[in-house]
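Novice: generate coordinates for the sequence data below:
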Amino acid sequence: MRDGARAAEASTSPRRTALQNLLVRWTRFVPAIVWILWALHTMLVERQLADRKGAPVESLPLFLAQVAASYAALFVYGWLVTLILPRNRFLATAISAVFLALYSLLLLYHWHTRGQFEWSVLWRFRREMLDLEVRRTISSFLGWRSYAFPVCAIAVTVLLEAAGRVISRPARPRRRGLAAAGCAVLAGLMAFGPIPTRDELTASLRAAEGNFRLSRLMRASVSAPETYPYVRKSLVSGVGPAPARPPNVFFVVVESFNANFVEAKTGDGREYTPFFNSLIPRGVYVEQFYGNSMESPRGQLSILCSMLPAMRGTVFETYRGIRLRCLPEILAERGYRTVFDEAARLLKFEDTGTFMEAIGFQVRRAALEPERERPADAVWGWGLQDDVFFREFFRFLDADRAGRPGDARDRPAFAFLCTISSHFPDNRIPPDKRLLFSGAQGGKAGYGNSIYLADTYLRTFFDELGKRPELADSLIVIVGDHSYPAGEHGLADSQFGAWEEVFRTPLLILWPGHLPPKRIHGERWSQIDIAPTVLDLLGVDTPNHFLGRSILRGYDPKRDRVQLVQPFDGVYLAAIAGDLKYVLHVATGRESVYDLRHDPHEDVDLIGRYRGTPGLEDLRREVGKMLQNEKAADENRIWPERPGEAGP
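Specialist: Sure thing, here's the model as predicted:
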């Protein structure tokens, strides 16, 4: 038996020695970590080329330079990790495996979103990531690959170490410290220099650089001379006559509502939003309307407070403690019962509940706050199915009215309702609810399923409203909390770029018998203009700090500008005057200009044509005003502590 074991060992020893020698030769100048990084990055390049579906690259030399620079950067990063690994076999293997698993997750993130991961996201949402439901939902968004990719990277690392110890005992230069220092310098140049690399590590580091450069811009910007630069005693655009009886006011804030899908059809002629389309002839519809940023809390702030959202951090935490005077407080002063209700699971996300209480909502509800009986399959994805959400809200409103004494039952309601069924990830839509494209989970078809479902459930709101004669006189605002790209410019997430599809969202205002229907074309408005418009319709003039103006009081492109904030992807700040759009990428300092009338898809950058022109300088000043707004918020100079300190 021993002789057999010796014979087996003798027979396998040459094969193992040959494998070890082969691994040593292949990793003499290129460490094993680099080979694995190159293999992972090659998968991404192949995916990017496949996404183009045969379309040629815009500039072949630039594309080849980016590919070569990416592999060079990974070579430097891999060597740096190799040089700083400890000699302990277990630690060296563990560190290498974690590093490669992390890179595989960055690659997977890019695979799904078509954009690079930004490290500050983890810090901004650190509290939310502790929530089991948030982690479970994100994991389902990434799918089985969220486990398979890092597990494979770890397995390959362990197998290479077991086969030839090429992880813990790589070929290293004699002056290891000097070589590591040199690699660190090269890595810094790769990460923050002008080299056009597009690997995941470099791209994510450069995205984070935007926050650093934004802080420098903030310090360099000049503060507004007034103590409270935005405070006014009256609405600057004026108000109309007050109605004889205050109407109920309902905001239906549709999650991730991309305006490109309104009145659009599938390839076989079906509408993406048939019910919403049927409402357009009954109200005031703004064709060129924008969310001021790209996520729900930022959109909610702009809608309710007519303020630009924070460029850094989570918005409700950033604005915690900052004095504001927003629509709920103003309407509560006039006898309204103010209700914030969202279909998302919990109010604690980004501290939403605390913020909504601070700005004047008397009642705050979410899908799981308070707990209540409902069908088991009514909660999926990020929260409560929209049609169930609307029914539960109206049941609450009935009970709330019935529970008030005497005349208090006649108080008008101001309700801010936030839907959730069209929130990503699309693959959490139950299969039987993928109504437009059977089986589709992601991409444009998956988003089409999402927004079609949200549109279908929107009908429930009007059905429930129509069952209650006491709510017949109601002003209804339907708007997206933000847009969401569905493959335009190759993007599948709203955290990247400042393209039109990241911000364009619909606005429709309905008030039967009071507001004549109108389709507004050729005028560009944004969420900060909603609160002044509602107060204009209600005839409410009041001290305020609103940045927006009433949409109903005339449009002047020299005065009425659209300001847009993309706080991720290195921070983008954009301003639109008329049809001219200016974009500043803070991380790189790159400027772009687009003519939205003749180039609505933003294919041609006109920055070269506009350099040195008054139009470009005007738009740059508009971005400067955005920085002033951010600075005033940082210094708590939005609304005075004593209301008597009102401005003009």
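
Novice: quick check: next helix or strand after the lowest-mean-pLDDT helix or strand in the chain?
Specialist: Within the chain, no helix or strand scores below helix 132-142, which has a mean of 57 by mean pLDDT, DSSP states H and E. Downstream of helix 132-142, the first helix or strand assigned by DSSP states H and E is helix 145-164.

Novice: chain center to whichever helix or strand comes after that following helix, what's the gap?
Specialist: Beyond helix 145-164 on the C-terminal side, the first helix or strand identified by DSSP H and E is helix 176-192. Taking CA atoms, centre = their mean, to the nearest Å, one finds the center of helix 176-192 at 34 Å from the center of the full chain.

Novice: and if you look at stretch 314-327?
Specialist: Stretch 314-327 has its C-alpha centroid displaced from the chain centroid by 19 Å (CA atoms, centre = their mean).

Novice: other residues contacting that stretch?
Specialist: Around stretch 314-327, the neighbours that count as contacts under CB atoms under 8 Å, 6 or more residues apart in numbering are 124-125, 297-298, 301, 303-307, 309-310, 312, 350-352, 354-355, 358-360, 414, 531, 534-535, 543-545, 633, 636, 638-641. Every residue, glycine included, has its C-beta placed from N, CA and C.

Novice: so which of those residues belong to helices?
Specialist: Counting by DSSP state H, the members of these that fall within helices are 124, 297-298, 301, 303-305, 352, 354-355, 358, 531, 534-535, 633.

Novice: ok, and for stretch 233-249, which residues are buried?
Specialist: Of the residues in stretch 233-249, those buried under the neighbour-count criterion (16 or more other CB atoms under 10 Å) are 235, 237, 239, 240, 246, 247, 248, 249.

Novice: which one of these is nearest residue 587?
Specialist: Nearest to residue 587 among the buried residues of stretch 233-249: residue 237, at 35.6 Å, using CB to CB.

Novice: hang on, the earlier thing: just the buried ones out of the ones in helices among the contacts of stretch 314-327, please.
Specialist: Listed as buried from the ones in helices among the contacts of stretch 314-327 are 124, 297-298, 301, 303-305, 352, 355, 358, 531, 534-535, 633; burial here means 16+ other CB under 10 Å.

Novice: farthest-apart pair in these, please.
Specialist: Once CB to CB is applied, those give 124 and 535 as the farthest pair, at 32.2 Å.

Novice: quick revisit: which of the buried ones among the ones in helices among the contacts of stretch 314-327 sits closest to residue 274?
Specialist: After measuring these against residue 274 - CB to CB - the closest member comes out as residue 303, at 25.1 Å.

Novice: these two touch, right, the closest one and residue 533?
Specialist: No: with contacts defined as CB atoms under 8 Å, residue 303 does not count as touching residue 533, sitting 10.7 Å away.

Novice: now for the buried residues of stretch 233-249, which pair is the farthest apart?
Specialist: The two members of the buried residues of stretch 233-249 with the most space between them (CB to CB) are 237 and 248, at 23.5 Å.

Novice: so where's the stretch 351-500 of the chain shaky on pLDDT?
Specialist: Applying pLDDT under 70 to the stretch 351-500 of the chain flags the ranges 425-427, 440-441.

Novice: one more time with 50
Specialist: Within the stretch 351-500 of the chain, no stretch has pLDDT under 50.

Novice: so where do the strands sit in it?
Specialist: Counting by DSSP state E, counting those that start in this stretch, the stretch 351-500 of the chain has strands at residues 363-365, 379-380, 383-384, 413-418, 474-480.

Novice: which one of those lies nearest to residue 72?
Specialist: strand 474-480 (42.2 Å).

Novice: what's next to the closest one, contact-wise?
Specialist: Contacts with strand 474-480, where a contact means CB under 8 Å, 6+ apart, come from 247-259, 276, 279, 283, 289, 291, 299, 303, 458, 465, 505-511, 514-515, 527, 530, 534, 537-538.

Novice: show the buried residues in those residues.
Specialist: Among the contacts of strand 474-480, the ones that count as buried by 16+ other CB under 10 Å are 247-259, 276, 279, 283, 289, 291, 299, 303, 458, 465, 505-511, 515, 527, 530, 534, 537-538.

Novice: just checking, which of the residues you listed belong to strands?
Specialist: 248, 249, 250, 251, 252, 253, 254, 289, 507, 508, 509, 510 (DSSP state E).

Novice: the second one against residue 417, yeah?
Specialist: What it means is residue 249. No: here residue 249 lies out of contact with residue 417, judged by CB under 8 Å, at a distance of 11.1 Å.

Novice: tell me how far residue 90 lies from residue 158.
Specialist: Separation of residue 90 from residue 158 (CB to CB, to the nearest Å) stands at 11 Å.

Novice: tell me which of these two has more neighbours.
Specialist: Legend: neighbour count by other CB atoms under 10 Å for residue 90 and residue 158, higher for residue 158 (15 against 10).

Novice: for that one, give me its contacts.
Specialist: 93, 97.
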